[in-house]
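1. Make a model of this:
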Amino acid sequence: MTRRTDDRIRRDVIDELEWESHPPGSHIDAAVDHGVVTLSGSVDSYAEKVAAQEAARCVLGVTDVANELEVEVPEKHARTDAEVAHAVRHALQWNVMVPDSRIQSTVSNGWVTLEGTVDRWREHEDAEATVRPIAGVRGVSNRIAVAPPEVAAHDVCRTIEEVLARRAHREASAIKVHVRDGVVTLEGQVRSWAEKQAILGAVAHARGIQSVDDQIRISPYD
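-> Numbering: from 1, shown residues only. So this is what the prediction gives:
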């Protein structure tokens, strides 16, 4: 595959952002240096900030994204911390994939901190995703701990390898899986963000995982 220039990658990132992530009125710029994209400017919500990051990662040739976007909540969406806190609680309660009674939140200047304990890494991720779109949220700190039942490390490793073989066969052969004290380390190389997400999504459902150390590299040209 021919290596793409930073200028071409930047143009494609801007086009993707205009197509996918931000509404008229938001201002996002992108700089590219050896495939690493830096997003700057402002958006109206934290959800838009994350969406812009995901959109940039989908562009061919992008290896990493530095998200420096500022969240500037418009007056019509402004909420007090108390209002945001109530909205967070309702959102968690309405999501059947999240054990809401085991999660606590704190809101300060629109920044939401999630704490508590869940059984699976997927629940940890789902709780944060539930909070992102709420009006008035400027950012999320996910401090939810994962305390799964005791599972032998080699059993966790075998389960993950089996899942990858079923759901991400082409990419799985290039990924090494290590498990120690509930931490799963993934090492290897893929060609795109989509391939990397397929692997992380497959791993997230395995029991016995407390956190994921993602060391997978994106190299579009190898």
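
2. And the next helix or strand past the helix or strand bottoming out on mean pLDDT in the chain?
-> One helix or strand of the chain scores below all others by mean pLDDT, DSSP states H and E: helix 169-172, with a mean of 59. Sequence order places strand 175-180 as the next helix or strand after helix 169-172, per DSSP states H and E.

3. What lies in contact with that following strand?
-> Under the criterion CB atoms under 8 Å, 6 or more residues apart in numbering, residues 153-154, 156-157, 160-161, 164, 184-188, 190, 199, 208, 216 lie in contact with strand 175-180. Quick note: C-beta positions are derived from backbone N, CA and C, even for glycine.

4. now swap in stretch 139-146 and tell me
-> Against stretch 139-146 from outside (CB under 8 Å, 6+ apart): 46, 71, 103, 110-121, 123-124, 127-128, 131-132, 182, 209-211.

5. Identify those among those that sit within strands.
-> Among those, the ones falling in strands (DSSP state E) are V71, I103, W111, V112, T113, L114, E115, G116, T117, V118, S211.

6. wait, what's in contact with the residue lying closest to V212 once chain neighbours are set aside?
-> Counting by CB to CB, 6 or more residues apart in numbering, V184 is the residue found nearest to V212 once chain neighbours are left out, at 5.1 Å. By CB under 8 Å, 6+ apart, the contact set of V184 is V156, I160, V177, H178, V203, A206, I209, S211, V212, D213.

7. immediately after the one helix or strand V184 maps to, which helix or strand?
-> Per DSSP H and E: V184 is located in strand 183-190. Once the chain leaves strand 183-190, the next helix or strand it forms, by DSSP H and E, is helix 193-203.

8. can you pull the buried residues of that following helix?
-> Neighbour-count burial for helix 193-203 flags W193, E195, K196, A198, I199, L200, A202, V203 (criterion: 16 or more other CB atoms under 10 Å).

9. Stretch 63-72 too?
-> T63, V65, L69, V71.

10. Skipping adjacent residues, who's closest to the third one in space?
-> When the adjacent residues along the chain are set aside, L69 lies closest to K49, with 4.7 Å between them (CB to CB, 6+ apart).

11. Count the neighbours of that neighbour for me.
-> Neighbour count for K49, taken as other CB atoms under 10 Å: 25.

12. can I assume it sits in a helix?
-> Yes. Judged by DSSP: H, G, I helix; E, B strand; the rest coil, K49 forms part of a helix.

13. any idea how far it is from S42?
-> From K49 across to S42, the span is 9 Å (CB to CB, to the nearest Å).

14. which residues are in contact with both of the two?
-> Here K49 and S42 share the contacting residues L69, V71, scored by CB under 8 Å, 6+ apart.

15. mind putting the contacts of V184 in a markdown table, distance to P220 and pLDDT included?
-> As requested, those are arranged in a markdown table below (distance: CB to CB, whole Å; pLDDT from 0 to 100):
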| residue | distance to P220 | pLDDT |
| --- | --- | --- |
| V156 | 30 | 77 |
| I160 | 25 | 80 |
| V177 | 23 | 86 |
| H178 | 25 | 86 |
| V203 | 22 | 81 |
| A206 | 28 | 78 |
| I209 | 28 | 82 |
| S211 | 27 | 85 |
| V212 | 23 | 88 |
| D213 | 23 | 92 |
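
16. Going through these, which ones are buried?
-> By 16+ other CB under 10 Å, the contacts of V184 give V156, I160, V177, V203, A206, I209, V212 as buried.
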